[in-house]
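S.K.: I would like to see how this sequence folds:
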Amino acid sequence: QVQLVESGGGLVQAGGSLRLSCAASDNIFSINTMGWYRQAPGKQRELVATSSSGGITNYADSVKGRFTISRDNAKNTVYLQMNSLKPEDTAVYYCNAKGLLAYGNRWYPDYWGQGTQVTISS
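M.R.: Residues are numbered from 1 along each chain as shown. Got it, this is the predicted structure:
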């Protein structure tokens, strides 16, 4: 079964840092784009950052300069280093994979993890 497993969420004070990780299951051959989205209570899910297999990154304006996405293609793992956290960063953070090819020739255009809660106290 294909899985994206997030870890690293938690509760920190404003100004603090967290590092999220998302590891894909071993049965995945390749992923085109991996990224992070977030959803705050009462709001729509929004893009945080993405990283293509070629190393092209994209960030939401609200996190530029504070968050850094990185990726280990060999391990199909993506990280999100979050610094200078603000209360408005509080949300459930979801790992996303676009263009996922699993062994057995199974293709998933869009795949989500279960999410990890990030809470920033003021």
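
S.K.: residue 49: how many residues sit nearby?
M.R.: 23 (other Cβ atoms under 10 Å). Just so you know, the C-beta spots here come from the backbone N, C-alpha and C atoms, and that holds for glycine as well.

S.K.: quick one: terminal-to-terminal distance for stretch 13-33?
M.R.: Terminal residues of stretch 13-33 are spaced 31 Å apart (Cα to Cα, to the nearest Å).

S.K.: check the offset of that stretch from the chain's centre.
M.R.: Taking Cα atoms, centre = their mean, to the nearest Å, one finds the center of stretch 13-33 at 5 Å from the center of the full chain.

S.K.: list the buried residues for that stretch?
M.R.: For stretch 13-33, a neighbour-count test (16 or more other Cβ atoms under 10 Å) marks 18, 20-24, 28, 31, 33 as buried.

S.K.: swap in stretch 97-116?
M.R.: 97, 99-100, 102, 111, 113, 115-116.

S.K.: okay, and which of those map to strands?
M.R.: Among those, DSSP state E puts 97, 99-100, 102, 111, 116 in strands.

S.K.: for residue 84, state which of the residues you listed is nearest.
M.R.: residue 116 (19.2 Å; Cβ to Cβ).

S.K.: and the buried residues of stretch 97-116, which is closest to residue 3?
M.R.: Nearest to residue 3 among the buried residues of stretch 97-116, with distances taken as Cβ to Cβ, is residue 113, at 7.8 Å.

S.K.: right, and that closest one touches residue 100 too?
M.R.: No: Residue 113 is beyond contact range of residue 100, at 11.7 Å (criterion: Cβ atoms under 8 Å).

S.K.: picking that back up, need the buried residues of stretch 97-116 in CSV (columns: distance to residue 79 and pLDDT).
M.R.: As requested, the buried residues of stretch 97-116 are exported to CSV (distance: Cβ to Cβ, whole Å; pLDDT from 0 to 100):
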residue, distance to residue 79, pLDDT
97, 14, 97
99, 19, 95
100, 18, 95
102, 21, 94
111, 18, 96
113, 13, 96
115, 16, 97
116, 12, 97
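
S.K.: I'm done for today, thanks for sticking with me.
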